[in-house]
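Asks: I would like to see how this sequence folds:
(chains A and B)
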Amino acid sequence: MGKFMEAWNNYLLQGIIDTSYMVGLSTLFAVAIGFILAIILIITDKNGLRPNKLIYRILDFIINVLRSFPFIILILALLPVTRFIVGKSIGNTAAIVPLTIGTAPFVARVIESSLKEVDKGIIEAAKSFGARDMQILFQVMIKESIPSIIRGITLVIISVIGYSAMAGAIGAKGLGYVAISIGYQRFDDQLILYTVIILVILVQLIQLIGDTLYKKLK
Amino acid sequence: MIKVTKLEKYFSKEHILKSIDLQINEGEIFGLVGSSGAGKSTLLRCLNGLEAYDSGSIEIMGKEVKNLKNKELREFRKDLGMIFQNFSLLERKNVYENIALPLQVWGYKKDQIKMRVEKLLKIVHLEDKVFSRPKELSGGQKQRVAIARALALEPRVLLCDEATSALDPNTTKSILTLLREINENLGITIVIVTHQMEVVKDVCSRAAVLDNGQVAASGKVEDIFLRQPKSLKKLLSEEEILPKEGVNIKLFFPKDYSGDSIITSMARELDMNFSIVWGKLEKFRDDILGSLVINIKDEEKEKVCNYLSKKDIGWEVVIDG
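Replies: Have a look, this model is predicted:
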(Lines give C-alpha, C1' and ligand atoms only; values in the text may rest on other atoms or scores of the structure.)
Protein backbone atom coordinates (compact mmCIF):
# COMPACT_ATOMS: atom_id res chain seq x y z
CA MET A 1 0.00 0.00 0.00
CA GLY A 2 2.90 2.31 0.84
CA LYS A 3 4.26 1.72 -2.64
CA PHE A 4 0.91 2.64 -4.16
CA MET A 5 0.60 5.84 -2.16
CA GLU A 6 4.08 6.81 -3.21
CA ALA A 7 3.28 6.16 -6.88
CA TRP A 8 -0.03 7.97 -6.46
CA ASN A 9 1.58 11.09 -5.04
CA ASN A 10 4.49 11.10 -7.47
CA TYR A 11 2.90 10.14 -10.75
CA LEU A 12 -0.63 8.76 -10.77
CA LEU A 13 -2.62 11.72 -9.49
CA GLN A 14 -0.83 14.09 -11.86
CA GLY A 15 -1.34 11.50 -14.64
CA ILE A 16 -5.08 11.47 -14.03
CA ILE A 17 -5.18 15.28 -14.05
CA ASP A 18 -3.17 15.47 -17.28
CA THR A 19 -5.21 12.78 -19.00
CA SER A 20 -8.49 14.39 -17.93
CA TYR A 21 -7.26 17.76 -19.20
CA MET A 22 -6.30 16.42 -22.62
CA VAL A 23 -9.22 14.06 -23.03
CA GLY A 24 -11.75 16.56 -21.69
CA LEU A 25 -10.76 19.48 -23.87
CA SER A 26 -10.11 17.51 -27.04
CA THR A 27 -13.41 15.63 -26.70
CA LEU A 28 -15.17 18.94 -26.19
CA PHE A 29 -13.64 20.48 -29.31
CA ALA A 30 -13.99 17.28 -31.32
CA VAL A 31 -17.69 16.99 -30.44
CA ALA A 32 -18.26 20.63 -31.39
CA ILE A 33 -16.54 20.21 -34.76
CA GLY A 34 -17.90 16.70 -35.32
CA PHE A 35 -21.43 17.83 -34.60
CA ILE A 36 -21.24 20.51 -37.26
CA LEU A 37 -19.74 18.06 -39.76
CA ALA A 38 -22.44 15.49 -38.96
CA ILE A 39 -25.16 18.06 -39.51
CA ILE A 40 -23.70 19.04 -42.88
CA LEU A 41 -23.43 15.36 -43.83
CA ILE A 42 -26.97 14.55 -42.81
CA ILE A 43 -28.46 17.58 -44.56
CA THR A 44 -26.57 17.08 -47.82
CA ASP A 45 -27.06 13.30 -47.87
CA LYS A 46 -28.98 12.08 -50.91
CA ASN A 47 -31.99 11.39 -48.71
CA GLY A 48 -31.38 14.46 -46.58
CA LEU A 49 -33.31 17.67 -46.17
CA ARG A 50 -31.24 19.52 -48.78
CA PRO A 51 -29.38 16.94 -50.85
CA ASN A 52 -26.09 18.20 -52.28
CA LYS A 53 -23.87 15.60 -53.85
CA LEU A 54 -20.78 17.78 -54.17
CA ILE A 55 -20.61 18.98 -50.57
CA TYR A 56 -21.43 15.53 -49.26
CA ARG A 57 -18.75 13.83 -51.35
CA ILE A 58 -16.00 16.32 -50.46
CA LEU A 59 -16.73 16.12 -46.75
CA ASP A 60 -17.13 12.36 -46.87
CA PHE A 61 -13.72 12.09 -48.55
CA ILE A 62 -11.93 14.35 -46.06
CA ILE A 63 -13.39 12.45 -43.12
CA ASN A 64 -12.33 9.12 -44.58
CA VAL A 65 -8.81 10.39 -45.21
CA LEU A 66 -8.43 11.72 -41.67
CA ARG A 67 -9.81 8.51 -40.25
CA SER A 68 -7.37 6.35 -42.16
CA PHE A 69 -4.27 7.99 -40.62
CA PRO A 70 -2.61 5.96 -37.88
CA PHE A 71 -2.88 8.34 -34.95
CA ILE A 72 0.84 8.54 -34.25
CA ILE A 73 1.49 9.60 -37.85
CA LEU A 74 -1.29 12.18 -37.64
CA ILE A 75 0.37 13.70 -34.59
CA LEU A 76 3.62 14.14 -36.50
CA ALA A 77 1.94 15.32 -39.69
CA LEU A 78 0.06 17.96 -37.75
CA LEU A 79 3.10 19.39 -35.96
CA PRO A 80 3.17 22.62 -38.02
CA VAL A 81 -0.56 23.09 -37.51
CA THR A 82 -0.16 22.51 -33.80
CA ARG A 83 2.63 25.05 -33.60
CA PHE A 84 0.48 27.55 -35.47
CA ILE A 85 -2.54 27.11 -33.20
CA VAL A 86 -1.02 26.81 -29.70
CA GLY A 87 2.36 28.39 -30.35
CA LYS A 88 4.33 25.26 -29.43
CA SER A 89 4.41 21.68 -30.60
CA ILE A 90 5.21 19.90 -27.34
CA GLY A 91 3.26 19.28 -24.15
CA ASN A 92 -0.27 18.61 -22.96
CA THR A 93 -1.87 21.59 -24.63
CA ALA A 94 -0.11 20.86 -27.88
CA ALA A 95 -1.49 17.31 -27.80
CA ILE A 96 -5.03 18.66 -27.80
CA VAL A 97 -4.69 19.76 -31.44
CA PRO A 98 -3.99 16.36 -33.03
CA LEU A 99 -6.37 14.69 -30.57
CA THR A 100 -9.14 17.04 -31.65
CA ILE A 101 -8.43 16.77 -35.36
CA GLY A 102 -8.04 13.01 -35.13
CA THR A 103 -11.26 12.57 -33.17
CA ALA A 104 -13.59 15.05 -34.87
CA PRO A 105 -14.11 12.88 -38.00
CA PHE A 106 -14.89 9.92 -35.76
CA VAL A 107 -17.41 12.02 -33.84
CA ALA A 108 -18.90 13.16 -37.14
CA ARG A 109 -19.51 9.54 -38.19
CA VAL A 110 -20.90 8.57 -34.80
CA ILE A 111 -23.37 11.45 -34.73
CA GLU A 112 -24.22 11.02 -38.41
CA SER A 113 -25.22 7.43 -37.82
CA SER A 114 -27.25 8.41 -34.74
CA LEU A 115 -29.12 11.00 -36.79
CA LYS A 116 -29.66 8.50 -39.59
CA GLU A 117 -31.37 6.15 -37.16
CA VAL A 118 -34.22 8.62 -36.71
CA ASP A 119 -37.37 7.10 -38.18
CA LYS A 120 -38.03 8.54 -41.65
CA GLY A 121 -41.73 8.58 -40.80
CA ILE A 122 -41.18 11.11 -38.01
CA ILE A 123 -39.35 13.42 -40.39
CA GLU A 124 -42.14 13.02 -42.92
CA ALA A 125 -44.71 13.78 -40.24
CA ALA A 126 -42.84 16.95 -39.31
CA LYS A 127 -42.79 17.99 -42.95
CA SER A 128 -46.49 17.23 -43.21
CA PHE A 129 -47.33 19.87 -40.62
CA GLY A 130 -45.09 22.40 -42.25
CA ALA A 131 -41.97 22.40 -40.07
CA ARG A 132 -38.94 24.23 -41.46
CA ASP A 133 -35.80 22.23 -42.26
CA MET A 134 -33.95 23.67 -39.28
CA GLN A 135 -36.88 22.87 -37.00
CA ILE A 136 -36.92 19.31 -38.29
CA LEU A 137 -33.19 19.06 -37.68
CA PHE A 138 -33.13 20.47 -34.15
CA GLN A 139 -36.59 19.82 -32.73
CA VAL A 140 -37.09 16.42 -34.28
CA MET A 141 -33.93 14.68 -35.47
CA ILE A 142 -31.44 15.84 -32.84
CA LYS A 143 -34.04 15.76 -30.09
CA GLU A 144 -34.92 12.16 -30.94
CA SER A 145 -31.34 10.96 -31.24
CA ILE A 146 -29.87 12.53 -28.07
CA PRO A 147 -29.66 9.21 -26.18
CA SER A 148 -27.95 7.56 -29.12
CA ILE A 149 -25.57 10.52 -29.48
CA ILE A 150 -24.71 10.28 -25.77
CA ARG A 151 -23.87 6.64 -26.23
CA GLY A 152 -21.69 7.54 -29.21
CA ILE A 153 -19.84 10.22 -27.27
CA THR A 154 -19.16 7.74 -24.47
CA LEU A 155 -17.47 5.57 -27.06
CA VAL A 156 -15.54 8.61 -28.32
CA ILE A 157 -14.24 9.60 -24.86
CA ILE A 158 -12.98 6.10 -24.23
CA SER A 159 -11.11 5.96 -27.51
CA VAL A 160 -9.65 9.43 -26.89
CA ILE A 161 -8.21 8.09 -23.63
CA GLY A 162 -6.46 5.45 -25.72
CA TYR A 163 -5.20 8.02 -28.22
CA SER A 164 -3.94 10.30 -25.45
CA ALA A 165 -1.41 7.64 -24.41
CA MET A 166 0.22 8.06 -27.81
CA ALA A 167 0.45 11.81 -27.31
CA GLY A 168 3.44 11.01 -25.10
CA ALA A 169 5.34 11.03 -28.40
CA ILE A 170 5.14 14.80 -28.41
CA GLY A 171 5.88 15.19 -24.76
CA ALA A 172 2.37 15.13 -23.43
CA LYS A 173 2.00 13.73 -19.92
CA GLY A 174 -0.93 11.73 -18.64
CA LEU A 175 -1.49 8.12 -17.62
CA GLY A 176 -0.16 6.73 -20.88
CA TYR A 177 3.08 8.60 -20.36
CA VAL A 178 3.32 7.37 -16.77
CA ALA A 179 2.90 3.77 -17.86
CA ILE A 180 5.33 3.93 -20.79
CA SER A 181 8.01 6.44 -19.90
CA ILE A 182 8.16 5.83 -16.18
CA GLY A 183 6.76 2.35 -15.65
CA TYR A 184 7.90 0.45 -18.72
CA GLN A 185 11.22 2.16 -19.40
CA ARG A 186 12.30 2.04 -15.75
CA PHE A 187 11.21 -1.61 -15.39
CA ASP A 188 8.69 -0.61 -12.72
CA ASP A 189 6.09 -3.34 -13.32
CA GLN A 190 4.04 -2.34 -10.34
CA LEU A 191 3.63 1.19 -11.63
CA ILE A 192 2.43 -0.19 -14.97
CA LEU A 193 -0.09 -2.33 -13.10
CA TYR A 194 -1.35 0.65 -11.10
CA THR A 195 -1.78 2.72 -14.25
CA VAL A 196 -3.65 -0.05 -15.98
CA ILE A 197 -5.96 -0.49 -12.98
CA ILE A 198 -6.67 3.23 -12.87
CA LEU A 199 -7.39 3.25 -16.60
CA VAL A 200 -9.74 0.29 -16.24
CA ILE A 201 -11.61 2.05 -13.44
CA LEU A 202 -11.71 5.28 -15.46
CA VAL A 203 -13.14 3.56 -18.54
CA GLN A 204 -15.68 1.62 -16.50
CA LEU A 205 -16.76 4.81 -14.79
CA ILE A 206 -17.22 6.67 -18.07
CA GLN A 207 -19.16 3.77 -19.57
CA LEU A 208 -21.35 3.60 -16.48
CA ILE A 209 -22.10 7.32 -16.63
CA GLY A 210 -22.82 7.03 -20.37
CA ASP A 211 -25.16 4.07 -19.91
CA THR A 212 -26.98 5.74 -17.03
CA LEU A 213 -27.50 8.92 -19.02
CA TYR A 214 -28.68 6.88 -22.00
CA LYS A 215 -31.27 5.07 -19.93
CA LYS A 216 -32.39 8.25 -18.27
CA LEU A 217 -32.83 10.17 -21.51
CA LYS A 218 -34.28 7.37 -23.61
CA MET B 1 -61.84 20.33 -53.13
CA ILE B 2 -59.13 18.05 -54.50
CA LYS B 3 -58.85 17.63 -58.22
CA VAL B 4 -56.27 15.38 -59.79
CA THR B 5 -55.94 15.38 -63.56
CA LYS B 6 -53.72 13.28 -65.80
CA LEU B 7 -51.19 12.79 -63.04
CA GLU B 8 -47.98 11.02 -64.04
CA LYS B 9 -45.13 10.01 -61.77
CA TYR B 10 -41.94 8.09 -62.37
CA PHE B 11 -39.36 6.70 -59.95
CA SER B 12 -36.28 6.79 -62.15
CA LYS B 13 -37.57 4.62 -65.01
CA GLU B 14 -40.47 3.01 -63.23
CA HIS B 15 -43.88 4.38 -64.11
CA ILE B 16 -45.62 4.68 -60.75
CA LEU B 17 -48.73 6.71 -61.49
CA LYS B 18 -50.33 6.56 -64.89
CA SER B 19 -52.69 9.29 -65.94
CA ILE B 20 -54.60 9.48 -62.68
CA ASP B 21 -57.87 11.41 -62.67
CA LEU B 22 -59.66 11.91 -59.39
CA GLN B 23 -62.09 14.26 -57.79
CA ILE B 24 -62.50 14.41 -54.05
CA ASN B 25 -65.33 16.53 -52.73
CA GLU B 26 -65.41 18.69 -49.65
CA GLY B 27 -66.63 16.90 -46.53
CA GLU B 28 -66.50 13.36 -47.82
CA ILE B 29 -64.43 10.38 -46.76
CA PHE B 30 -62.67 9.15 -49.83
CA GLY B 31 -60.89 5.81 -50.05
CA LEU B 32 -57.90 4.90 -52.17
CA VAL B 33 -57.60 1.12 -52.29
CA GLY B 34 -55.17 -1.15 -54.01
CA SER B 35 -52.66 -3.87 -53.36
CA SER B 36 -49.17 -2.94 -52.21
CA GLY B 37 -47.16 -1.31 -54.93
CA ALA B 38 -50.25 -0.01 -56.70
CA GLY B 39 -49.08 3.55 -56.11
CA LYS B 40 -51.72 4.64 -53.64
CA SER B 41 -49.34 5.90 -50.96
CA THR B 42 -47.30 7.73 -53.56
CA LEU B 43 -50.46 9.39 -54.82
CA LEU B 44 -51.34 10.46 -51.28
CA ARG B 45 -47.85 11.92 -50.77
CA CYS B 46 -48.21 13.87 -53.96
CA LEU B 47 -51.29 15.55 -52.51
CA ASN B 48 -49.35 17.34 -49.76
CA GLY B 49 -46.16 17.70 -51.74
CA LEU B 50 -44.10 15.11 -49.86
CA GLU B 51 -43.53 13.63 -53.31
CA ALA B 52 -43.16 15.57 -56.51
CA TYR B 53 -45.00 14.56 -59.66
CA ASP B 54 -43.76 14.67 -63.23
CA SER B 55 -46.75 15.91 -65.16
CA GLY B 56 -50.46 16.49 -64.82
CA SER B 57 -52.05 18.54 -62.12
CA ILE B 58 -53.16 18.37 -58.52
CA GLU B 59 -55.38 21.21 -57.52
CA ILE B 60 -56.28 21.48 -53.86
CA MET B 61 -58.46 24.32 -52.63
CA GLY B 62 -57.62 26.20 -55.78
CA LYS B 63 -53.85 25.78 -55.52
CA GLU B 64 -51.66 23.79 -57.88
CA VAL B 65 -49.45 21.74 -55.55
CA LYS B 66 -46.35 21.65 -57.71
CA ASN B 67 -46.22 25.43 -57.95
CA LEU B 68 -45.89 25.81 -54.20
CA LYS B 69 -42.41 26.53 -52.91
CA ASN B 70 -40.89 26.74 -49.40
CA LYS B 71 -43.01 29.06 -47.27
CA GLU B 72 -46.11 28.69 -49.45
CA LEU B 73 -45.79 24.92 -49.34
CA ARG B 74 -45.39 24.93 -45.57
CA GLU B 75 -48.42 27.19 -45.17
CA PHE B 76 -50.35 24.92 -47.51
CA ARG B 77 -49.45 21.85 -45.49
CA LYS B 78 -51.12 23.40 -42.44
CA ASP B 79 -54.37 22.71 -44.24
CA LEU B 80 -53.57 19.05 -44.78
CA GLY B 81 -53.00 16.92 -41.69
CA MET B 82 -51.49 13.50 -42.16
CA ILE B 83 -51.32 10.25 -40.21
CA PHE B 84 -49.18 7.20 -40.91
CA GLN B 85 -49.13 3.44 -40.56
CA ASN B 86 -46.39 3.52 -37.93
CA PHE B 87 -47.84 6.53 -36.10
CA SER B 88 -44.59 8.48 -36.44
CA LEU B 89 -44.62 9.94 -32.96
CA LEU B 90 -41.54 11.32 -31.26
CA GLU B 91 -40.53 8.67 -28.75
CA ARG B 92 -38.83 11.13 -26.43
CA LYS B 93 -41.80 13.45 -26.16
CA ASN B 94 -44.92 12.69 -24.19
CA VAL B 95 -48.45 12.82 -25.58
CA TYR B 96 -48.87 16.50 -24.79
CA GLU B 97 -45.54 17.49 -26.32
CA ASN B 98 -46.19 15.43 -29.44
CA ILE B 99 -49.51 17.11 -30.06
CA ALA B 100 -48.04 20.50 -29.22
CA LEU B 101 -45.17 20.19 -31.70
CA PRO B 102 -46.96 21.52 -34.81
CA LEU B 103 -48.24 24.43 -32.73
CA GLN B 104 -44.74 25.20 -31.44
CA VAL B 105 -43.35 25.01 -34.94
CA TRP B 106 -45.84 27.65 -36.01
CA GLY B 107 -45.03 29.86 -33.05
CA TYR B 108 -48.24 29.60 -31.04
CA LYS B 109 -48.13 30.97 -27.49
CA LYS B 110 -47.90 28.64 -24.52
CA ASP B 111 -51.44 29.21 -23.25
CA GLN B 112 -52.91 28.90 -26.75
CA ILE B 113 -51.07 25.60 -27.15
CA LYS B 114 -52.38 24.36 -23.81
CA MET B 115 -55.97 25.15 -24.72
CA ARG B 116 -55.69 23.61 -28.15
CA VAL B 117 -53.99 20.43 -26.93
CA GLU B 118 -56.61 19.92 -24.24
CA LYS B 119 -59.36 20.30 -26.80
CA LEU B 120 -57.66 17.86 -29.16
CA LEU B 121 -57.21 15.30 -26.39
CA LYS B 122 -60.95 15.48 -25.81
CA ILE B 123 -61.65 14.93 -29.51
CA VAL B 124 -59.53 11.78 -29.62
CA HIS B 125 -60.68 10.58 -26.16
CA LEU B 126 -57.25 10.48 -24.54
CA GLU B 127 -57.61 12.98 -21.71
CA ASP B 128 -56.10 10.53 -19.24
CA LYS B 129 -52.85 9.95 -21.14
CA VAL B 130 -51.51 13.49 -21.31
CA PHE B 131 -48.11 12.75 -19.83
CA SER B 132 -47.58 9.22 -21.14
CA ARG B 133 -44.75 8.47 -23.51
CA PRO B 134 -45.61 6.78 -26.82
CA LYS B 135 -43.93 3.55 -25.71
CA GLU B 136 -46.42 3.28 -22.85
CA LEU B 137 -49.37 3.42 -25.24
CA SER B 138 -51.11 0.77 -27.30
CA GLY B 139 -51.17 0.99 -31.08
CA GLY B 140 -54.66 2.42 -31.12
CA GLN B 141 -53.79 5.05 -28.53
CA LYS B 142 -50.68 6.01 -30.49
CA GLN B 143 -52.75 6.52 -33.61
CA ARG B 144 -55.14 8.70 -31.61
CA VAL B 145 -52.22 10.86 -30.55
CA ALA B 146 -51.10 11.04 -34.18
CA ILE B 147 -54.61 12.06 -35.21
CA ALA B 148 -54.68 14.76 -32.55
CA ARG B 149 -51.32 16.02 -33.80
CA ALA B 150 -52.56 16.01 -37.38
CA LEU B 151 -55.58 18.05 -36.34
CA ALA B 152 -53.59 20.52 -34.26
CA LEU B 153 -53.36 23.18 -36.95
CA GLU B 154 -57.06 22.86 -37.82
CA PRO B 155 -56.57 21.38 -41.29
CA ARG B 156 -59.38 21.08 -43.79
CA VAL B 157 -58.19 17.74 -45.08
CA LEU B 158 -56.86 14.71 -43.22
CA LEU B 159 -54.67 12.30 -45.18
CA CYS B 160 -54.46 8.77 -43.78
CA ASP B 161 -51.69 6.55 -45.05
CA GLU B 162 -52.49 2.94 -44.10
CA ALA B 163 -53.47 4.36 -40.74
CA THR B 164 -55.11 1.18 -39.51
CA SER B 165 -52.88 -1.42 -41.16
CA ALA B 166 -50.81 -2.01 -38.04
CA LEU B 167 -53.84 -2.36 -35.79
CA ASP B 168 -56.01 -5.31 -34.78
CA PRO B 169 -59.61 -5.46 -36.08
CA ASN B 170 -61.26 -4.03 -32.96
CA THR B 171 -58.81 -1.17 -32.66
CA THR B 172 -59.23 -0.53 -36.38
CA LYS B 173 -62.96 -0.20 -35.81
CA SER B 174 -62.49 2.29 -33.00
CA ILE B 175 -60.07 4.41 -35.05
CA LEU B 176 -62.50 4.37 -37.97
CA THR B 177 -65.31 5.45 -35.68
CA LEU B 178 -63.11 8.31 -34.53
CA LEU B 179 -62.36 9.30 -38.11
CA ARG B 180 -66.07 9.42 -38.87
CA GLU B 181 -66.71 11.54 -35.79
CA ILE B 182 -64.04 13.93 -36.97
CA ASN B 183 -65.48 14.01 -40.44
CA GLU B 184 -69.00 14.63 -39.21
CA ASN B 185 -68.33 16.95 -36.29
CA LEU B 186 -65.49 19.02 -37.68
CA GLY B 187 -66.39 18.77 -41.35
CA ILE B 188 -62.89 17.69 -42.31
CA THR B 189 -62.46 15.96 -45.65
CA ILE B 190 -60.67 12.66 -45.17
CA VAL B 191 -58.64 10.71 -47.71
CA ILE B 192 -57.88 7.16 -46.66
CA VAL B 193 -55.24 5.04 -48.33
CA THR B 194 -55.56 1.39 -47.44
CA HIS B 195 -55.37 -2.17 -48.67
CA GLN B 196 -58.04 -3.22 -46.19
CA MET B 197 -61.41 -3.52 -47.89
CA GLU B 198 -63.27 -3.41 -44.57
CA VAL B 199 -61.93 0.05 -43.97
CA VAL B 200 -63.32 1.37 -47.21
CA LYS B 201 -66.64 -0.37 -46.69
CA ASP B 202 -66.91 0.91 -43.14
CA VAL B 203 -66.28 4.59 -43.54
CA CYS B 204 -65.80 5.74 -47.11
CA SER B 205 -68.58 7.22 -49.14
CA ARG B 206 -66.63 7.19 -52.37
CA ALA B 207 -63.47 5.42 -53.40
CA ALA B 208 -61.05 4.71 -56.19
CA VAL B 209 -59.38 1.40 -56.85
CA LEU B 210 -55.77 1.72 -57.93
CA ASP B 211 -54.19 -1.09 -59.84
CA ASN B 212 -50.68 -0.94 -61.16
CA GLY B 213 -50.60 2.84 -61.10
CA GLN B 214 -53.95 3.33 -62.77
CA VAL B 215 -57.42 4.11 -61.53
CA ALA B 216 -59.23 0.85 -62.24
CA ALA B 217 -62.54 2.03 -60.87
CA SER B 218 -63.91 4.93 -58.95
CA GLY B 219 -67.23 6.09 -57.64
CA LYS B 220 -69.59 5.27 -54.84
CA VAL B 221 -68.24 2.54 -52.60
CA GLU B 222 -71.34 0.36 -52.85
CA ASP B 223 -71.26 0.51 -56.64
CA ILE B 224 -67.63 -0.45 -56.77
CA PHE B 225 -68.08 -3.33 -54.41
CA LEU B 226 -71.27 -4.68 -55.86
CA ARG B 227 -70.09 -4.52 -59.40
CA GLN B 228 -66.53 -5.51 -58.58
CA PRO B 229 -64.25 -4.55 -61.41
CA LYS B 230 -61.56 -7.10 -62.23
CA SER B 231 -58.87 -5.23 -60.32
CA LEU B 232 -60.96 -5.34 -57.18
CA LYS B 233 -61.62 -9.04 -57.55
CA LYS B 234 -57.90 -9.53 -57.73
CA LEU B 235 -57.52 -7.53 -54.55
CA LEU B 236 -60.29 -9.31 -52.68
CA SER B 237 -58.86 -12.59 -53.90
CA GLU B 238 -62.26 -14.18 -53.80
CA GLU B 239 -63.75 -15.90 -56.75
CA GLU B 240 -67.29 -16.81 -57.52
CA ILE B 241 -67.66 -20.44 -58.34
CA LEU B 242 -70.47 -20.64 -60.84
CA PRO B 243 -71.98 -23.47 -62.83
CA LYS B 244 -70.62 -23.88 -66.33
CA GLU B 245 -73.99 -24.70 -67.87
CA GLY B 246 -76.81 -22.29 -68.54
CA VAL B 247 -76.66 -18.57 -67.98
CA ASN B 248 -75.59 -16.88 -64.80
CA ILE B 249 -77.19 -13.59 -64.02
CA LYS B 250 -76.03 -11.35 -61.23
CA LEU B 251 -78.51 -9.11 -59.49
CA PHE B 252 -77.51 -6.13 -57.41
CA PHE B 253 -79.64 -5.00 -54.54
CA PRO B 254 -79.25 -1.33 -53.83
CA LYS B 255 -80.07 -0.12 -50.34
CA ASP B 256 -83.73 0.69 -50.98
CA TYR B 257 -84.33 -2.66 -52.59
CA SER B 258 -82.81 -5.27 -50.31
CA GLY B 259 -86.06 -5.81 -48.49
CA ASP B 260 -88.16 -6.57 -51.56
CA SER B 261 -88.77 -10.07 -52.61
CA ILE B 262 -87.64 -9.75 -56.18
CA ILE B 263 -86.49 -13.35 -56.53
CA THR B 264 -89.63 -15.01 -55.37
CA SER B 265 -91.92 -12.67 -57.24
CA MET B 266 -89.95 -13.23 -60.43
CA ALA B 267 -90.28 -16.97 -60.00
CA ARG B 268 -93.99 -16.62 -59.52
CA GLU B 269 -94.66 -14.16 -62.30
CA LEU B 270 -92.55 -15.92 -64.90
CA ASP B 271 -93.56 -19.31 -63.60
CA MET B 272 -90.11 -20.78 -63.75
CA ASN B 273 -87.47 -22.29 -61.57
CA PHE B 274 -83.95 -21.18 -61.12
CA SER B 275 -81.21 -21.91 -58.70
CA ILE B 276 -79.39 -19.42 -56.59
CA VAL B 277 -75.71 -20.22 -57.05
CA TRP B 278 -73.89 -17.41 -55.35
CA GLY B 279 -74.70 -14.49 -53.18
CA LYS B 280 -73.64 -12.24 -50.43
CA LEU B 281 -74.74 -9.39 -48.25
CA GLU B 282 -72.38 -6.69 -47.13
CA LYS B 283 -72.46 -3.70 -44.89
CA PHE B 284 -71.38 -0.39 -46.33
CA ARG B 285 -71.18 2.41 -43.83
CA ASP B 286 -74.73 2.19 -42.55
CA ASP B 287 -76.42 0.31 -45.38
CA ILE B 288 -76.65 -3.33 -46.15
CA LEU B 289 -76.33 -4.20 -49.79
CA GLY B 290 -76.22 -7.48 -51.58
CA SER B 291 -75.65 -9.33 -54.76
CA LEU B 292 -77.06 -12.63 -55.89
CA VAL B 293 -76.22 -14.85 -58.84
CA ILE B 294 -78.95 -17.04 -60.30
CA ASN B 295 -78.54 -19.77 -62.85
CA ILE B 296 -81.11 -20.30 -65.59
CA LYS B 297 -81.39 -22.31 -68.78
CA ASP B 298 -80.13 -20.73 -71.99
CA GLU B 299 -83.59 -20.54 -73.55
CA GLU B 300 -85.01 -18.64 -70.57
CA LYS B 301 -82.42 -15.92 -70.72
CA GLU B 302 -84.45 -13.46 -72.77
CA LYS B 303 -87.54 -13.72 -70.61
CA VAL B 304 -85.61 -13.10 -67.45
CA CYS B 305 -83.66 -10.26 -68.94
CA ASN B 306 -86.79 -8.51 -70.08
CA TYR B 307 -88.36 -8.96 -66.72
CA LEU B 308 -85.36 -7.57 -64.89
CA SER B 309 -85.05 -4.61 -67.23
CA LYS B 310 -88.57 -3.60 -66.36
CA LYS B 311 -87.89 -3.91 -62.66
CA ASP B 312 -85.32 -1.12 -62.52
CA ILE B 313 -82.79 -3.18 -60.67
CA GLY B 314 -79.07 -3.57 -61.39
CA TRP B 315 -78.14 -6.79 -63.09
CA GLU B 316 -75.67 -8.27 -65.53
CA VAL B 317 -74.98 -11.52 -67.27
CA VAL B 318 -71.87 -13.03 -65.72
CA ILE B 319 -69.41 -14.00 -68.36
CA ASP B 320 -67.17 -16.89 -67.46
CA GLY B 321 -63.59 -16.17 -66.66
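
Asks: the closest residue to B:Glu300 other than its chain neighbours - how many residues pack around it?
Replies: Nearest residue to B:Glu300 in three dimensions, chain neighbours excluded: B:Met272, at 6.0 Å (CB to CB, 6 or more residues apart in numbering or on different chains). Just so you know, the C-beta spots here come from the backbone N, C-alpha and C atoms, and that holds for glycine as well. Neighbouring residues of B:Met272 were enumerated by other CB atoms under 10 Å in any protein chain shown; the total is 14.

Asks: gap between B:Met272 and chain A?
Replies: 60 Å (CB to the nearest CB, to the nearest Å).

Asks: the residue of the stretch 201-321 of chain B found nearest chain A in helix, strand or coil?
Replies: Using CB to the nearest CB, B:Leu210 is the residue of the stretch 201-321 of chain B that sits closest to chain A, at 20.4 Å. Taken by DSSP: H, G, I helix; E, B strand; the rest coil, the conformation at B:Leu210 corresponds to strand.

Asks: please verify my assumption that it contacts B:Ser36.
Replies: No: contact status for B:Leu210 versus B:Ser36: not in contact, 10.8 Å apart, counting by CB atoms under 8 Å.

Asks: of these two, which one has the most company?
Replies: Regarding B:Leu210 and B:Ser36, a neighbour count based on other CB under 10 Å identifies B:Leu210 as having more, with 29 against 10.

Asks: now do the contacts for that one.
Replies: Each residue near B:Leu210 by CB atoms under 8 Å, 6 or more residues apart in numbering or on different chains is listed here: B:Leu32, B:Val33, B:Gly34, B:Ala38, B:Gly39, B:Lys40, B:Leu43, B:Ala216.

Asks: closest to chain A out of these?
Replies: B:Leu43 (15.1 Å).

Asks: what's the helix or strand for that closest one?
Replies: For B:Leu43, the element it lies in under DSSP states H and E is helix B:40-47.

Asks: which neighbouring elements make contact with whichever helix or strand comes after that helix?
Replies: Remark: after helix B:40-47, the chain's next helix or strand is strand B:55-60, criterion DSSP H and E. On a contact count with 3 or more CB pairs under 8 Å, 6 or more residues apart in numbering or on different chains; DSSP states H and E, strand B:55-60 meets strand B:2-11, helix B:40-47.

Asks: most tightly packed of these?
Replies: When neighbours are counted by mean count of other CB atoms under 10 Å in any protein chain shown, the highest per-stretch mean among the helices and strands packed on strand B:55-60 falls to helix B:40-47, a mean of 23.

Asks: so what's B:Ala150 up against?
Replies: For B:Ala150, the residues meeting the contact criterion (CB under 8 Å, 6+ apart) are A:Ser128, A:Phe129, B:Gly81, B:Met82, B:Ile83, B:Leu158.

Asks: residue contacts, A:Leu202?
Replies: For A:Leu202, the contacting residues are A:Ile16, A:Thr19, A:Ile161, A:Leu175, by CB under 8 Å, 6+ apart.

Asks: need the max-distance pair from those.
Replies: Spatial extent of the contacts of A:Leu202 (CB to CB) is set by the pair A:Ile16 and A:Ile161 at 10.9 Å.

Asks: for the longest helix along chain A, buried residues please.
Replies: What stands out as the longest helix in chain A, according to DSSP state H, is helix A:13-44. Of all the residues in helix A:13-44, those buried under the rule 16 or more other CB atoms under 10 Å in any protein chain shown are A:14-16, A:18-19, A:21-23, A:25-27, A:29-31, A:33-35, A:37-44.
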